[in-house]
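J.: Just the structure for this:
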Amino acid sequence: MTRWLIPMMVLLSMLVFAACGGDDDATATGGTGDTTVTTDGGATTPATDATGTMDADVTGTSEEEVTGTVDGDMTGTADSEGTGTSEIDGTGTAEMDMTGTPEEEGTGTAETDVTGTAEGTETTDGTSTTGEGAIGEPIELGDVTITVDGVEELTPFDLIDLDVSEGNVLVGVEVTIENTGDAEVPVTDLLSAMAIEDQDGERYGVDLVASGIAVLSGNGLLTTGIEAGGSASGTVGFAVPEESTGLSLILSGEALSDLPEGTFEIGEEITAGDLTVTPTELVEVNDPGTLATPDEGNRFVGVVMQVENAGEAPVDLGQLVLASKLEDASGEQYGVDFAATLLAVVTGAGDWQSKIDASGSLEVTVGYQVPEDAEEFVVTFESGVVTIDEEVVVPLDEM
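T.: Have a look, this model is predicted:
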């Protein structure tokens, strides 16, 4: 009897041990509620519910050193960064496959949505397309440095009756332009990239007549080129509606994108974006008084231009005509002259309007200063003389 009792006790102990579970085999219990999982090594007890969001904290570099808690649905797959893959099937059995090396001393965290797609913080290494300047601070644009020195309101002379001033404020922006390169910089090409923007985002380019008033006041910016290593200072004029507020000076390469390129005869059509510009004739601009006089040996002339806008938005003319030049038979070129343009308007030799309405047409006269003996003129445009990659905004706080 005794010899049978001992084997029976051993057998009973084995049955009890098997019913309680071993320490090496992975088992899973649970259905619609929580699922308790024991992995090989006995060190992991993930708890899984069926709510759909899974957060896995993984520590270790091998199966024996994996610890973590998994909250997720029963169908997803989570890939943690460099730490392995946690797969959960519909039976509630968790399989941990450590195929990578955890970061941060073996610790990693993976956040996933209900479909098992990893979510993370995405960063971009982009460059801002807009820079902000300030009055008194130099702005470097390649070989040119521009400093906005101040802002003022321009007042037309009593003897000048100008349509451009009706309903508008004439704003003068004082600037200093330095040429740090080894070639001459055409001032008018640079001015064609300037505009004033108001609180509604409307932009107004350099106004030739307002700039002419600044010239006759003794502080205008001359439009001749700036030699290498040289500089020029003066006031550039703009005409903006009286109700405008929140004004800023804009330097934008976008204004140069639609400029034509080439040489055009008087009477030849020029296409610039939605605009068609036709220089119709060359006129002499003479001052019967002493309002403005050209340099010694020079004379003022004006080019009458017929302008048509086929677009659905108004277009600023200043940015276009400032990029134009007169070229004589010898190949010498002459930029727009503010005083000559103002004089053409005052003497009745022509007219000026800074904006052309959508689907509109008008006739303007653009003034130039040329040698007395120059002849056989053509109108030229040359792109790429001045390039501005980043738009710059300078708040005009004093207005």
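J.: Show me where the protein has its helices.
T.: In the chain, the helices defined using DSSP state H lie at 2-20, 103-106, 187-191, 208-216, 318-321, 338-346.
J.: Comparing those, which yields the minimum mean pLDDT?
T.: Between the helices of the chain, the one with the least mean pLDDT is helix 103-106; it has a mean of 39.
J.: contacting residues around residue 229?
T.: Listed by CB atoms under 8 Å, 6 or more residues apart in numbering, the contact set of residue 229 reads 179, 180. No exception for glycine: its C-beta is placed from N, CA and C like everyone else's.
J.: For it, give its distance to residue 370.
T.: Using CB to CB, to the nearest Å, residue 229 is found at 27 Å from residue 370.
J.: which stretches of the stretch 1-150 of the chain have low pLDDT?
T.: Low-confidence segments of the stretch 1-150 of the chain, defined by pLDDT under 70: 1-130.
J.: rerun that using 90 as the cut-off
T.: 1-132, 141-143 (pLDDT under 90).
J.: same question, the stretch 251-399 of the chain
T.: Applying pLDDT under 90 to the stretch 251-399 of the chain picks out residues 252-261, 273, 286-293, 316, 318-320, 323, 345-351, 353-355, 381-391, 397-399.
J.: residue boundaries of the strands in it?
T.: Ranges of strands within the stretch 251-399 of the chain are 262-264, 270-272, 275-285, 298-309, 315-316, 324-327, 333-335, 355-356, 361-371, 378-381, 391-395, based on DSSP state E, counting those that start in this stretch.
J.: Could you single out the most deeply buried of the ones you listed?
T.: strand 324-327 (a mean of 22; mean count of other CB atoms under 10 Å).
J.: what's that strand packed up against?
T.: Helices and strands touching strand 324-327, by 3 or more CB pairs under 8 Å, 6 or more residues apart in numbering; DSSP states H and E, are strand 333-335, strand 361-371, strand 378-381.
J.: I'd like those as JSON lines, with distance to residue 210 appended.
T.: Converted to JSON lines, these look like this (distance: least, CB to CB, whole Å):
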{"stretch": "strand 333-335", "distance to residue 210": "17"}
{"stretch": "strand 361-371", "distance to residue 210": "14"}
{"stretch": "strand 378-381", "distance to residue 210": "23"}
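J.: Between those, which one is closest to residue 309.
T.: Nearest to residue 309 among these is strand 361-371; the distance by CB to CB comes to 7.1 Å.
J.: Which secondary structure elements does that closest one sit against?
T.: Counting contacts by 3+ CB pairs under 8 Å, 6+ apart, strand 361-371 packs against strand 275-285, strand 298-309, strand 324-327, strand 333-335, helix 338-346.
J.: Out of those, flag the one nearest residue 225.
T.: Nearest of the helices and strands packed on strand 361-371 (CB to CB): strand 333-335, 7.6 Å.
J.: and that closest one, which strands flank it?
T.: Sheet neighbours of strand 333-335, with direction, are listed as strand 324-327 (antiparallel) (DSSP bridges).
J.: What lies in contact with the strand it pairs with?
T.: 186, 188, 263, 301, 303, 333-336, 366, 368, 370, 377-382.
J.: Just put the strands of the stretch 251-399 of the chain in JSON lines and tack on distance to residue 172.
T.: Converted to JSON lines, the strands of the stretch 251-399 of the chain look like this (distance: least, CB to CB, whole Å):
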{"stretch": "strand 262-264", "distance to residue 172": "32"}
{"stretch": "strand 270-272", "distance to residue 172": "27"}
{"stretch": "strand 275-285", "distance to residue 172": "23"}
{"stretch": "strand 298-309", "distance to residue 172": "22"}
{"stretch": "strand 315-316", "distance to residue 172": "18"}
{"stretch": "strand 324-327", "distance to residue 172": "23"}
{"stretch": "strand 333-335", "distance to residue 172": "20"}
{"stretch": "strand 355-356", "distance to residue 172": "19"}
{"stretch": "strand 361-371", "distance to residue 172": "19"}
{"stretch": "strand 378-381", "distance to residue 172": "27"}
{"stretch": "strand 391-395", "distance to residue 172": "14"}
